[in-house]
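[1] Sequence and predicted structure below; questions after.
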Amino acid sequence: MGDGKTLGIAFLGCGYAATIHAKRLRSFPNVRMYFASRERAKAEAFARKYGGAGAFWADAGNAYGGYGAALQDARVDVALVLTPPSSHLHLTLAALAQGKHVVVEKPPFERASDFEIVRKEKERVGRRVMIAENYFYKPLAEALRETIASGALGEPRIVTVNALKEQRVKDWRGDPALSGGGALYEGGIHWVDFFANLGMEVTGVQAFRPGGDDGSPDRSMVVGFTYANGAVGTLYYSWEMPVLLKGVHLSAVYGTEGVASFESNGIFLMVRGRKRSLRSKLADVAGYAGMWKDFVPALIENREPRFDFDKAKRDLVLTEAAYASLGRDLSVPGLNP
């Protein structure tokens, strides 16, 4: 299993997410990248473009043969699972069975209970399973955690995030059998993680589906969060809103002595309270570079990263709880006799 100094990472899937991760990982001198795809042309193209150390692809009789070949290769230390969510659990267990560490793209698994299946197996073989939640590492999230912890806002009372946009679904995300759920599960889970990692303990969630539930995957959701310190948060998330400026929005954390206003994607953060500050043009806005700077040494040293297995499970537990809350009867008795 490796030399303890370098890392061989096999990309299982060569789509958009593979591009994002390959761009960051090629700057790590101690990482070798291998690319596996059901299509030979894709695997070889990624290896050429990003300086891969090898490529794997399916043969005529086995569409997933390329993934299996990558997992059996002794040069590979880590499987980076970038396929649709419906296949994440199967590929994670297959990788662990070959003695590999695993990094899983989010949303990680179809059910929160799947984490315990994975936990049992990873502990049995002594390997790590990490979830690629880049929002935890966004400079905006790091700065907000610092601001709230410093007391600059006084006692936090209200968190409000506007994450409305128009996102057309053309790939596997439009197939519930592959995607595993709707907009909140597939993309909104990033924001669930954001709300859960502000340094305040989430104690409850209540979701609302604008437009009602017609049985199709959700494309809009409003989610309320309650915190142990009495604060309340509200997330507005949508893939069907034709907003201005491609989804650039103002969000905020309000406290008893100040407010932290920020562009939702992390372009700027302005704090006005006990302390005043303005941060703009934050590098690594999406947080991918910060995530891999934490993940790569953690994988080499076989230890947990800052965004650990239990935090990832908590995010999916909260997301499931949001969906489950849609069925609650919130009607007011006697209001409409």
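    Now that the structure is in, tell me what you want to look at. Computed from a predicted structure; not experimentally measured.

[2] C-alpha from now on. contacts and neighbour counts both.
    Will do.

[3] ranges for the helices of the stretch 101-250 of the chain?
    In the stretch 101-250 of the chain, helices defined by DSSP state H, counting those that start in this stretch lie at 114-125, 139-150, 176-179, 183, 189-196, listed in chain order.

[4] So for residue 167, which of those sits nearest?
    helix 183 (9.7 Å; Cα to Cα).

[5] Would you mind checking the average pLDDT for the closest one?
    The pLDDT scores in helix 183 average 93.

[6] Can you tell me what sits against that helix?
    217, 218, 219, 220, 221, 238, 239 (Cα atoms under 8 Å, 6 or more residues apart in numbering).

[7] what is the mean pLDDT for the helix ranked longest in the chain?
    Ranked by residue count under DSSP state H, the longest helix found in the chain is helix 309-325. Averaged across helix 309-325, pLDDT comes to 97.

[8] what are the C-alpha coordinates of that helix, in PDB please?
    Listed next in PDB are the C-alpha coordinates belonging to helix 309-325 (Å, rounded to 0.1, in the frame of the first residue of the first chain):
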ATOM      1  CA  PHE A 309     -16.500  10.800   8.400                       C
ATOM      2  CA  ASP A 310     -19.000  11.700  11.100                       C
ATOM      3  CA  LYS A 311     -19.400  15.300   9.900                       C
ATOM      4  CA  ALA A 312     -20.300  13.800   6.400                       C
ATOM      5  CA  LYS A 313     -22.800  11.500   8.000                       C
ATOM      6  CA  ARG A 314     -24.400  14.300  10.000                       C
ATOM      7  CA  ASP A 315     -25.000  16.300   6.700                       C
ATOM      8  CA  LEU A 316     -26.900  13.400   5.100                       C
ATOM      9  CA  VAL A 317     -28.900  12.800   8.400                       C
ATOM     10  CA  LEU A 318     -29.900  16.500   8.300                       C
ATOM     11  CA  THR A 319     -30.800  16.300   4.600                       C
ATOM     12  CA  GLU A 320     -32.900  13.300   5.100                       C
ATOM     13  CA  ALA A 321     -34.600  15.000   8.100                       C
ATOM     14  CA  ALA A 322     -35.400  18.000   5.900                       C
ATOM     15  CA  TYR A 323     -37.200  15.700   3.400                       C
ATOM     16  CA  ALA A 324     -39.000  13.800   6.200                       C
ATOM     17  CA  SER A 325     -40.200  17.100   7.600                       C
END
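
[9] Buried residues, that helix. List them.
    309, 311-316, 318-320, 322-323, 325 (16 or more other Cα atoms under 10 Å).

[10] Packing partners of it?
    Applying 3 or more Cα pairs under 8 Å, 6 or more residues apart in numbering; DSSP states H and E, we find helix 309-325 packed against strand 129-132, helix 189-196, strand 202-208.

[11] can you map out the strands along the protein?
    Under the criterion DSSP state E, the chain contains strands at 7-12, 31-37, 54-57, 78-81, 101-105, 129-132, 156-164, 202-208, 220-227, 232-238, 250-255, 259-263, 268-272, 276-280.

[12] Now do the last one and strand 259-263, the angle between them.
    In this case it means strand 276-280. Inter-element angle recorded for strand 276-280 and strand 259-263: 10 degrees (by axes from the mean of the first three to the mean of the last three Cα atoms, to 10 degrees).

[13] Touching strand 276-280 from outside, list them.
    By Cα under 8 Å, 6+ apart, strand 276-280 touches 267, 268, 269, 270, 271.

[14] Might one say that the second one is in contact with residue 251?
    It stands for residue 268. No - under the criterion of Cα atoms under 8 Å, residue 268 lies out of contact with residue 251, with a separation of 10.6 Å.

[15] list the residues that contact both of these two?
    residue 262.

[16] gap between residue 320 and residue 105?
    To residue 105, residue 320 is 18 Å away according to Cα to Cα, to the nearest Å.

[17] now do residue 142
    For residue 142, the distance to residue 105 - Cα to Cα - is 21 Å.

[18] More neighbours: these two, which one.
    A direct count of neighbours by other Cα atoms under 10 Å for residue 142 and residue 105 places residue 105 higher, at 21 against 16.

[19] Apart from its neighbours in sequence, what residue is nearest the more buried one?
    residue 132 (5.1 Å; Cα to Cα, 6 or more residues apart in numbering).

[20] pretty sure that neighbour is touching residue 82, no?
    No - using Cα under 8 Å, residue 132 is not in contact with residue 82; the gap is 9.9 Å.

[21] and for those two, which residues touch both?
    Joint contacts of residue 132 and residue 82 (Cα under 8 Å, 6+ apart) are 104, 105.

[22] any low-confidence regions in the stretch 201-337 of the chain?
    Residues of the stretch 201-337 of the chain meeting the criterion pLDDT under 70: 246-247, 281-282, 337.
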